[in-house]
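Participant: Sequence first, then the predicted structure, then my questions.
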Amino acid sequence: MTRAIIRLGHGLVAIAIAAMIAITLVDVVARGLFNRPIVGVVDVIELSMIWLTMLGIALAWAERAHIVVDIIDTVVSPRIVRRLDQGARLVTAAVMGYLAWLAVPLLEGVADFGDTTMNLRLPLTWFWAAIIFGYGVSCLVLIGSLFSGPPANET
């Protein structure tokens with residue numbers, strides 16, 4: 001089940017990146033050849049980029065693909081390394097959860113004010129929703145990883 005969700009996330013990211021490239025290419029061609037840029041491309045690309053970034057952060061946590069500097073690993077026992085890793089994931093989960101919590105009033109403020117993008121008038125709540133989603137899912141993934149065993153490549 002978890003692998004299927006991760007594959008789905010990768011598929012969504014790939015489709016979104018391909019769509020962003022295609023939209024940008026069409027906009028550049030329309031602007032260059034016909035002097036008719038597509039209105040709202042920047043709005044769509046910005047919204048797509050924030051969702052991709054936040055989904056990518058959660059996917060990186062799920063796959064334990066973040067960059068790690070192994071300095072202590074060579075001088076302490078594997079058991080201590082596992083405990084340090086668990087502690088780091090616990091602290092990071094707390095930070096991710098806190099960041100998601102901090103973003104909620106910001107989303108509410110943007111919603112109350114009715115902020116939108118310049119061209120397409122997309123509600124800015126979609127941008128803040130992406131931030132809350134990304135940090136929230138990252139928090140849940142990290143908490144879940146505390147209760148599962150070490151990844152297959154670390155046993």
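Facilitator: Sure, I can see it.
Participant: and the top helix by length along the chain, how far out from the chain's middle?
Facilitator: With secondary structure taken from DSSP state H, the chain has its longest helix at helix 78-113. Mean-position distance between helix 78-113 and its chain equals 13 Å (C-alpha atoms, centre = their mean, to the nearest Å).
Participant: any idea of the mean pLDDT for that helix?
Facilitator: For helix 78-113, the mean per-residue pLDDT is 94.
Participant: can you check stretch 40-57 too?
Facilitator: 93.
Participant: and it, C-alpha only, in PDB?
Facilitator: Provided in PDB are the C-alpha atoms of stretch 40-57 (Å, rounded to 0.1, in the frame of the first residue of the first chain):
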ATOM      1  CA  GLY A  40      -2.100  33.200 -16.500                       C
ATOM      2  CA  VAL A  41       0.800  30.900 -17.300                       C
ATOM      3  CA  VAL A  42       2.800  32.400 -14.400                       C
ATOM      4  CA  ASP A  43      -0.100  31.900 -12.000                       C
ATOM      5  CA  VAL A  44      -0.400  28.200 -13.100                       C
ATOM      6  CA  ILE A  45       3.300  27.600 -12.900                       C
ATOM      7  CA  GLU A  46       3.700  29.200  -9.500                       C
ATOM      8  CA  LEU A  47       0.800  27.200  -8.100                       C
ATOM      9  CA  SER A  48       2.100  24.000  -9.700                       C
ATOM     10  CA  MET A  49       5.600  24.600  -8.300                       C
ATOM     11  CA  ILE A  50       4.500  25.100  -4.700                       C
ATOM     12  CA  TRP A  51       2.400  21.900  -4.800                       C
ATOM     13  CA  LEU A  52       5.300  20.000  -6.500                       C
ATOM     14  CA  THR A  53       7.800  21.200  -3.900                       C
ATOM     15  CA  MET A  54       5.600  20.300  -0.900                       C
ATOM     16  CA  LEU A  55       4.700  16.900  -2.400                       C
ATOM     17  CA  GLY A  56       8.400  16.400  -3.200                       C
ATOM     18  CA  ILE A  57       9.400  17.100   0.500                       C
END
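Participant: tell me what the longest helix of the chain is packed against?
Facilitator: Where contact means 3 or more C-beta pairs under 8 Å, 6 or more residues apart in numbering; DSSP states H and E, helix 78-113 is packed against helix 125-147. Yep, even glycine has a C-beta here, placed from its N, CA and C like the rest.
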